[in-house]
Every structure is written in structure tokens, then in C-alpha cells.
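In: sharing a model prediction with you, sequence too.
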Amino acid sequence: MPALAAAAICIAVTQPSSPGEALEIPPMTLPALPKPGRVAASAAGFAPPGWKVERSVRADLDKDGRPDIVAVLRGADKRCVIGHDRGAGPLDTNPRVLIAAVGAPAGYTLRVVNAAVIPRLEDPYMDDPLGDDGLTVSAGIIRLRLGVWRSMGGWGTSTNTLSFRWDGAHFRLIGFDRDYTHRGSGETELFSANYLTHRTKVTTGTIEDETLGKVRWKTLPARAMPTLDTIGDALEFAESQR
């Protein structure tokens, strides 16, 4: 099998010396990524040279009795890591790619390659959106959970969970949940969308009030939801659901 193209390379840039100036995010070019249909023995077999498997989950996603895999691949270019004094530790801007592959008689067959759904971290004051529980699988449902928390530049914090399920042809978005808190006012909002029933539930309240807040229900128009291979930036999608 021919080797994949070279790993993603960031162009080294000079960082400003003044704390008040914005950091220079290194320009980067993605390598050639594996295409759906490729077969490999493990998640590592889908990683471009120089990339690593950041996390991987094995589960039966398509209900055929074979184990499948969903994984996050990440670049490991040191030129993508920026040292600075504006947040907690160096800023790792290496990109991530989400893949899903179904079990085959010999290894796994790639079904999904998405380089956009997990946004590149470019804000030194923002925590890594992909936490330890950022990728899970339960009952065949893939859940991608991304957080938003900034030490400077924003009062709002949120956890955004996108749920995907195999529909026989694609891993389609079936649900979205958002847990939002405004750290200044203490206002909270829980947003939950079920795209199978076409209903949303929004619960608003405050962090000081332990009782259930105001609840609003809404019916959504029936429409085809995006799939795991076509959806773009998950945090941009989250903002579009507000």
C-alpha cells in the first residue's frame, strides 16, 4: 500500500514580545488524509505519518456483531506548539481528525474522515475543547463532547454534546445538548434537541437556584440532519442552535 503524504507542517512564526499583542498562529497545511474505503488493522493504520492516535473507542456501531472503532487522530508537529505567558501552558494548535471505521473480516473499513468537526485550538486563553470525556460510545451512539471555557475574553462557559447513530448508510446526527452558564450573571441554560422526535427543550435558571427553572418546548421542522462525515465545526454548529 503506498505511503501517505508527509505529516502536517506548521510554518514557524515569530511571536510578539509585548503581552498586549495577539499571538501569531502558525499557518498549517493538512497532509493527505485516508479516504473512506481504506482498510487498516487498527486506528493507527489510518493516521498520516507523524500523527498519533489521541484516543480511540471500540464498540459495535452498526449492530453487525463486529467491533468497530471511532478515534481522534492528531498531528504532532512541534512547530504547531506555541510557547506563551498568557494562559495555562503552551498552546498546541496541532489539528485533529475524527475517524470512524467499521469492522471487516480483516481489520476495519474506514467510513468517516472529518478534519473540521473538532476545531483547531488557536486561543491561548481557551481550554482545550476536547476533554477527557470528549469522545464516548454508548449503545452504538457516538457522542462528541466539546467544552468552551476561557480564562479571559468571555463570560460564557458551555459543554456541547453531539450524538450520532448509524442509519444504515451514515452516522447521522440524532441529538444535540448544550449546558451553558454565564459566569458573571449566574444565568444557566440547558438546551436539548432530539432530531428523531423533532423536539427541543430549553430550561433556564440560575446557579443560585436549585429548583427547576423555566422550561420551554418547541417543535422543529422535519429535515435531514447532517452526518458525521459532512458536519463542519461542532462549536459553530452549537452556536447555530442557540
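Out: Done, it's in.
In: show me the shaky parts of the protein.
Out: 1-8, 16-20, 85-88, 210-212, 242 (pLDDT under 70).
In: which ones are touching the residue minimising distance to the centre of it?
Out: Among the residues of the chain, the one closest to the centroid is residue 118, at 3.4 Å (C-alpha atoms, centre = their mean). Contacts for residue 118 (C-beta atoms under 8 Å, 6 or more residues apart in numbering) come out as 72, 96-98, 129-130, 144, 146, 234. Quick note: C-beta positions are derived from backbone N, CA and C, even for glycine.
In: return the closest of those residues with respect to residue 197.
Out: Closest approach to residue 197 among those (C-beta to C-beta): residue 144, at 20.8 Å.
In: check which helix or strand the spatially closest residue to that closest one that is not a sequence neighbour maps to.
Out: Take residue 144 and drop its neighbours on the chain: the residue closest to it by C-beta to C-beta, 6 or more residues apart in numbering is residue 162, 4.9 Å away. Using DSSP states H and E, the element containing residue 162 is strand 156-166.
In: can you name the next helix or strand after that strand?
Out: Counting by DSSP H and E, what follows strand 156-166 is strand 171-182.
In: among the contacts of residue 118, which one has the most neighbours?
Out: Counting by other C-beta atoms under 10 Å, residue 97 has the largest number of neighbours within these, with 26 neighbours.
In: that one against residue 33, yeah?
Out: Yes: using C-beta atoms under 8 Å, residue 97 makes contact with residue 33 at a distance of 6.3 Å.
In: list residues touching both of the two?
Out: Listed as contacting both residue 97 and residue 33 by C-beta under 8 Å, 6+ apart are 113, 115.
In: and residue 106, what is it in contact with?
Out: Applying C-beta under 8 Å, 6+ apart, we find residue 106 in contact with 39, 41.
In: could you redo the last one with a cut-off of 10 Å?
Out: By C-beta atoms under 10 Å, 6 or more residues apart in numbering, the contact list for residue 106 reads 39-41.
In: would you mind checking the residues you listed for buried ones?
Out: With neighbours counted by 16 or more other C-beta atoms under 10 Å, the contacts of residue 106 contain buried members at 39-40.
In: just name the closest of the contacts of residue 106 to residue 52, please.
Out: residue 40 (14.8 Å).
In: residue 109 versus that closest one, what's the distance?
Out: Using C-beta to C-beta, to the nearest Å, residue 40 is found at 9 Å from residue 109.
In: for these two, list the residues in contact with both.
Out: Joint contacts of residue 40 and residue 109 (C-beta under 10 Å, 6+ apart) are residue 101.
In: what backbone torsions are found at the nearest residue to residue 75 once chain neighbours are set aside?
Out: Distances taken as C-beta to C-beta, 6+ apart place residue 94 nearest to residue 75, at 3.9 Å, with adjacent residues excluded. Main-chain torsions, residue 94, degrees, to the nearest 10: phi -60, psi 140.
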